[in-house]
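Participant: I'll drop the sequence and a predicted model, then ask my questions.
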Amino acid sequence: MLYEAIYQPDETNPIPRNIIELPEIRVYIDNFGQKKDDYCLVADLNGEILGAVWIRILAGDIKGFGYIDNETPEFAISLYKKYRNQGIGTKLMTVMIEYLRENGYKQTSLNVKKDNYAVRLYKNMGFEVIGDDGEDYLMLLKLA
């Protein structure tokens, strides 16, 4: 799912799968479930995984691309291409946001390429752009 979460601007020339071995990417999944703030939801249909949404606070030596502070979980979502634009991502995000609110998180963040079609979804879910480095947006959703 981590590879599927990486934006592919040119689908005729995909990013090599080994990109997930880079430390700055791998940090999103290494030993997932062992940190107290790791949480993941998976959408499946008859045992087939459609997509996933997960949160993690990346406050160690390698900060996440959406790093805000040591209390703000970074939000990641991934759907296999054939399941996109069917409302599954919206549902996954809605359930995760509800989980975050119920568990006392004040906010959540993410990083997204500016030309990624998902920017619209994030804005519709209430995320606001708080940073722009020219290529990426840093987005924040206030939960309280």
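Facilitator: Done, it's in.
Participant: got the contact list for Ile20?
Facilitator: For Ile20, the contact set (C-beta atoms under 8 Å, 6 or more residues apart in numbering) comprises Leu2, Tyr3, Ile6, Arg26, Ile29. Bear in mind the C-beta positions are built from the backbone N, C-alpha and C, glycine included.
Participant: at 7 Å what do you get?
Facilitator: Leu2, Tyr3, Arg26 (C-beta atoms under 7 Å, 6 or more residues apart in numbering).
Participant: what's in contact with the helix or strand where Leu110 lies?
Facilitator: Assessed by DSSP states H and E, Leu110 sits inside strand 107-113. The contact list for strand 107-113 (C-beta under 7 Å, 6+ apart) reads 7, 55, 65-66, 68, 72-76, 100, 118-119, 122, 127, 135-143.
Participant: buried set for it?
Facilitator: For strand 107-113, the neighbour count (16 or more other C-beta atoms under 10 Å) marks Gln107, Thr108, Ser109, Leu110, Asn111, Val112 as buried.
Participant: from Gly64, how far out is the residue positioned nearest the centre of the chain?
Facilitator: Nearest to the mean C-alpha position of the chain, by C-alpha atoms, centre = their mean, lies Ala76 at 1.1 Å. According to C-beta to C-beta, to the nearest Å, Ala76 stands 9 Å off from Gly64.
Participant: intersection of neighbour lists for these two?
Facilitator: Common contacts of Ala76 and Gly64 (C-beta under 7 Å, 6+ apart): Tyr28.
Participant: out of the buried residues of strand 107-113, which is nearest to Gln34?
Facilitator: Within the buried residues of strand 107-113, distances to Gln34 taken as C-beta to C-beta reach their minimum at Thr108, with 20.0 Å.
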